[in-house]
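J.: Predicted model and sequence below, questions to follow.
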Amino acid sequence: MHVSMMILSYAALLCGSLLSVALLVITFRNIFYSSKSNNLLKLNESFSFGEIQYKNERNNIFQKTSFFSDKKYYKAQFIQQLDYWSYRVISLGFIFLTIGILSGAVWANEAWGSYWSWDPKETWAFIPWIVFAIYLHTRTNKNLQGANSAIVATLGFLIIGYAILGSIY
């Protein structure tokens with residue numbers, strides 16, 4: 001029972017973490033592109049000041065139109081939905097991981113006479129549990145929701161990957 005729960009929990013945690021990675025990519029993509037375009041303007045000094053001012057005014061006019069503000073609104077809603085669904089999927093995976101660890105401890109007691117022996121498989125099952133417990137704790141704080149908790153989920157994604165590879169080999 002515990003092996004199937006662990007596989008199910010790892011799958012759910014990976015999916016939820018990938019949603020958080022997508023949230024981070026979408027959130028920070030505009031920051032990267034805006035800093036990249038500003039650096040290109042600094043490098044290319046063949047533009048006159050009037051041309052740069054004209055382009056900035058034109059961009060401001062486009063940003064004030066309802067189409068672009070709607071686009072930002074829908075993007076913000078999409079980011080909020082990614083955050084919501086990653087939280088739900090990671091919560092489900094965390095419950096499965098807890099059940100898998102507890103049922104594995106019961107099986108270990110029956111097989112070896114001790115609930116926990118800190119071997120590498122047990123340790124690498126416990127480390128993701130700690131990381132995702134931190135993620136769930138950050139989600140309870142309104143100031144840490146969104147990109148901040150998504151960073152913890154991304155760290156959890158990397159640790160789950162290592163835990164899966166470690167349990168195979």
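T.: Cool, got the structure.
J.: Pretty sure His2 sits against Glu110.
T.: No. With contacts counted by Cβ atoms under 8 Å, His2 stays clear of Glu110, the gap being 11.3 Å. (C-beta placed from N, C-alpha, C; glycine too.)
J.: Those two: who's more crowded?
T.: His2 (17 against 9; other Cβ atoms under 10 Å).
J.: Return the residues in contact with that one.
T.: Applying Cβ atoms under 8 Å, 6 or more residues apart in numbering, we find His2 in contact with 100-101, 103-104, 106-107.
J.: Need the buried ones from these selected in ChimeraX.
T.: Here is the ChimeraX selection string for the buried members of the contacts of His2, based on 16 or more other Cβ atoms under 10 Å:
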select :100,101,103,104
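J.: Between the contacts of His2, which sits nearest Trp85?
T.: Trp85 lies nearest to Gly100 out of the contacts of His2, by Cβ to Cβ, at 22.1 Å.
J.: Just send the contacts of His2 back as a markdown table, with pLDDT and distance to Thr154 too.
T.: Output for those, formatted as a markdown table (pLDDT from 0 to 100; distance: Cβ to Cβ, whole Å):
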| residue | pLDDT | distance to Thr154 |
| --- | --- | --- |
| Gly100 | 94 | 22 |
| Ile101 | 93 | 22 |
| Ser103 | 93 | 28 |
| Gly104 | 92 | 26 |
| Val106 | 93 | 32 |
| Trp107 | 91 | 31 |
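J.: pLDDT score for the residue nearest the centre of the chain?
T.: In the chain, the centroid-proximal residue (Cα atoms, centre = their mean) is Ser20; its distance is 2.6 Å. At Ser20, the model reports a pLDDT of 92.
J.: Around Ile159, count how many other residues there are.
T.: 19.
J.: Ile127 is in contact with that one, correct?
T.: Yes. Here Ile159 reaches Ile127: they are 5.8 Å apart, a contact under Cβ under 8 Å.
J.: ok so, going back, which residues sit in contact with the residue nearest to the centre of the chain?
T.: Ser20 neighbours (Cβ under 8 Å, 6+ apart): 82-83, 86, 90, 149-150, 153-154, 157.
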